[in-house]
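Novice: No sequence on hand, only this structure:
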Ligand SMILES: [Zn+2]
Ligand SMILES: [Zn+2]
């Protein structure tokens with residue numbers, strides 16, 4: 001195996017691009033090599049990811065047992081999926097935003113019940129039953145790559161933590177995930193952003209069976225917050241490890257979602273549709289099962305945002321929710 005691509009960020013902070021079996025190809029894991037040795041995000045539980053992280057740690061004179069603390073930007077599999085293995089090998093404490101632990105806890109902790117709710121949700125929004133099998137097989141494949149930590153310690157927005165000898169403030173940046181956090185360090189002008197903002201792709205904003213009711217509304221507020229925060233540099237979950245021009249990118253993504261909202265509103269004023277039909281208008285390309293699900297939940301997030309603003313309505317047809325404009 002080649003040496004893991006380790007990038008020196010500043011002081012004792014490093015990042016490594018860990019391979020994941022998705023189109024983004026890698027996820028960024030940040031390592032603070034000074035005590036308390038900390039990882040921000042973990043990647044997925046695959047042999048390739050484990051080997052890459054092990055090699056990155058070794059390059060810094062560290063090993064699994066050295067890790068004292070893990071912070072998760074959000075609970076998505078490519079960020080949290082290795083946290084259980086790290087907890088087991090190191091005894092590290094694992095922290096994430098308290099929003100994740102409200103209600104029923106994390107979906108990975110009650111996978112079967114969650115999948116049952118998701119099945120009903122996707123069918124009620126028009127996913128053809130013939131596509132359901134592929135979507136569920138993909139979810140099981142992901143579950144097999146997620147080993148979640150068992151002891152999760154909540155962080156609250158506004159909390160401070162020390163990383164690389166600096167004090168960082170915990171920010172709540174919901175939208176891509178309800179419980180998404182950012183870590184902000186004003187002297188370094190540096191934001192650890194996870195997937196809250198990304199170069200090249202628009203972070204998926206989807207409405208699932210569980211969680212907050214208007215993730216797109218949340219995300220538009222997060223983008224405005226990032227535009228105002230205007231960090232010189234952000235550490236990003238994919239296509240990084242870092243990006244500049246965060247304020248400009250936030251404005252661009254906000255404009256993109258407003259264009260999509262206009263398309264959804266116009267489309268549904270002419271032709272009532274359920275979210276799956278709408279997703280084919282918004283994402284006309286052929287999509288595999290994993291992406292088809294993201295397309296449906298993203299279309300639904302746009303339709304629901306407009307409905308909650310009173311610009312659209314929906315009615316139950318007996319088996320699906322049909323969205324329409326007046
Ligand atoms: Zn994510
Ligand atoms: Zn991600």
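Specialist: Arrived safely. None of the values given here were measured: they were computed from a predicted structure. Ligands and ions are numbered 1, 2, ... in the order given.
Novice: Roughly how far does the nearest residue to residue 170 once chain neighbours are set aside sit from ligand 2?
Specialist: Closest residue to residue 170 apart from its sequence neighbours, by C-beta to C-beta, 6 or more residues apart in numbering: residue 159 at 4.4 Å. All C-beta spots, glycine's among them, are computed from the backbone N, C-alpha and C. Applying C-beta to the ion, to the nearest Å, the value for residue 159 to ligand 2 is 22 Å.
Novice: before we move on, what about residue 141?
Specialist: When distance is defined by C-beta to the ion, residue 141 is 16 Å away from ligand 2.
Novice: tell me the SS of that residue?
Specialist: Following DSSP: H, G, I helix; E, B strand; the rest coil, residue 141 is assigned to helix.
Novice: count of neighbours near it?
Specialist: For residue 141, the count of nearby residues is 12 (other C-beta atoms under 10 Å).
Novice: gap between whichever residue of the stretch 151-300 of the chain sits closest to ligand 1 and residue 176?
Specialist: The nearest approach of the stretch 151-300 of the chain to ligand 1 comes at residue 195, 3.8 Å away (C-beta to the ion). Distance, residue 195 to residue 176, using C-beta to C-beta, to the nearest Å: 5 Å.
Novice: what is in contact with those two at once?
Specialist: 74, 203 (C-beta atoms under 8 Å, 6 or more residues apart in numbering).
Novice: Isn't the residue nearest to residue 170 up against residue 168?
Specialist: No: between residue 159 and residue 168 there is no contact under C-beta atoms under 8 Å: 9.2 Å.
Novice: out of those two, which sits in the busier spot?
Specialist: Using other C-beta under 10 Å as the criterion, residue 159 and residue 168 rank with residue 168 on top: 22 against 16.
Novice: those strands in the stretch 51-200 of the chain, which residues are they?
Specialist: 69-71, 93-97, 152-155, 160-163, 166-172, 181-185, 190-194 (DSSP state E, counting those that start in this stretch).
Novice: Identify, out of these, the most deeply packed stretch.
Specialist: Neighbour counts (mean count of other C-beta atoms under 10 Å) averaged over each of the strands of the stretch 51-200 of the chain peak at strand 190-194, with a mean of 28.
Novice: Show me what that strand packs onto, helices and strands only.
Specialist: For strand 190-194, the packing partners by 3 or more C-beta pairs under 8 Å, 6 or more residues apart in numbering; DSSP states H and E come out as strand 181-185, helix 215-229, strand 233-236.
Novice: among those, which is nearest ligand 2?
Specialist: strand 233-236 (9.3 Å).
Novice: Paired strands for the helix or strand following that closest one, with orientation please.
Specialist: Once the chain leaves strand 233-236, the next helix or strand it forms, by DSSP states H and E, is strand 242-243. With DSSP bridges as the test, strand 242-243 is paired with strand 233-236 (antiparallel).
Novice: interface residues of the stretch 101-250 of the chain facing ligand 1?
Specialist: Applying C-beta under 5 Å from the ion, we find that the stretch 101-250 of the chain lies next to ligand 1 at residue 195.
Novice: tell me which parts of the stretch 101-250 of the chain are close to ligand 2?
Specialist: 195, 237.
Novice: low-confidence ranges in the stretch 101-250 of the chain?
Specialist: Along the stretch 101-250 of the chain, segments meeting pLDDT under 70 are nowhere present.
Novice: Right, and ligand 2 sits closest to which residue of the stretch 201-326 of the chain?
Specialist: Ranked by C-beta to the ion, the top residue of the stretch 201-326 of the chain for proximity to ligand 2 is residue 237, at 4.3 Å.
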